[in-house]
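Participant: Structure of the sequence below:
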Amino acid sequence: MVVLGSGGHTSEMLQILKHVDPKIYSPLIYVIASTDSTSERRVKAFGGRQPDQTLRIPRSREVGQSYVTSVATTLWSFLFCFWIVLKNRPNVLLCNGPGTCLPVAIAALIFRVIGLCEGNLVFVESFCRVESLSLTGKLLYPLADMFIVHWDELHEKFPRSLTISTLVPNKGRKN
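Facilitator: Residues are numbered from 1 along each chain as shown. This is a model prediction of the structure:
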């Protein structure tokens with residue numbers, strides 16, 4: 001199961017998915033926020049492996065939404081995600097930073113604790129995060145089974161992380 005976020009998060013995730021073996025990781029299920037039309041277009045335009053299924057979930061908080069009203073929408077999103085995870089019981093949940101992934105990740109972790117799914121959480125911090133983690137990264141760092149960063153500067157601050165190669169040369173990196 002893969003959570004896509006709008007904009008750059010989806011582009012980064014699609015690049016990551018180029019390297020995922022479909023023989024090992026199937027079915028491929030995408031989770032997209034109900035108001036995210038950009039990700040679905042990018043998936044179709046990307047070509048390559050298409051998802052076996054695409055699930056839509058309510059967004060916890062829309063850009064510009066007040067914090068007061070976001071309490072109710074966040075609760076609804078969590079409840080909805082509990083159902084999605086229970087129904088699909090993912091072995092692996094792959095996400096890379098959008099807030100959309102938080103309710104799905106928490107649901108998967110809870111169901112793993114009670115033995116209803118494997119729910120291994122792989123979090124890939126966004127490529128643009130060089131010196132600090134995103135809010136979602138900060139929240140999921142202690143919970144993720146595998147936490148991946150792109151930059152040595154972040155790995156030094158978060159030693160449980162793994163560093164993967166990037167397409168941008170880094171003078172200090174030994175690849």
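Participant: would K138 count as being in a helix?
Facilitator: Yes. Per DSSP: H, G, I helix; E, B strand; the rest coil, K138 lies within a helix segment.
Participant: what's the distance between it and V104?
Facilitator: With distances taken as C-beta to C-beta, to the nearest Å, K138 is found 17 Å from V104. For every residue, glycine as well, the C-beta is placed using N, CA and C.
Participant: Repeat that for P98.
Facilitator: When P98 is compared with V104 (using C-beta to C-beta), they lie 10 Å apart.
Participant: For the two, list the residues in contact with both.
Facilitator: Residues touching both P98 and V104 (C-beta atoms under 8 Å, 6 or more residues apart in numbering): V3.
Participant: Buried residues, the helix or strand hosting H155. List them.
Facilitator: Using DSSP states H and E, H155 falls within helix 152-157. Buried positions in helix 152-157, judged by neighbour count with 16 or more other C-beta atoms under 10 Å: E153, L154, H155.
Participant: wait, isn't the last one in contact with V149?
Facilitator: Yes. In this structure, H155 is within contact of V149 by C-beta atoms under 8 Å, at 5.4 Å.
Participant: tell me, what's touching these two both at once?
Facilitator: Counting by C-beta under 8 Å, 6+ apart, the contacts common to H155 and V149 are S161, L162, T163.
Participant: which residues of the chain fall in strands?
Facilitator: Using DSSP state E, the strands found in the chain span residues 2-4, 29-33, 53-57, 92-95, 120-124, 146-149, 162-163.
Participant: What strands line up against the shortest one, and which way round?
Facilitator: Right, strand 162-163. strand 146-149 (parallel) (DSSP bridges).
Participant: Give me the contact list for the strand it pairs with.
Facilitator: With C-beta under 8 Å, 6+ apart as the test, strand 146-149 has contacts from 120-125, 129, 137, 140-141, 155, 158, 160-164.
Participant: List only those of these flagged as buried.
Facilitator: Listed as buried from the contacts of strand 146-149 are 120-125, 129, 137, 140-141, 155, 158, 161, 163; burial here means 16+ other C-beta under 10 Å.
Participant: Nothing else from me, thank you.
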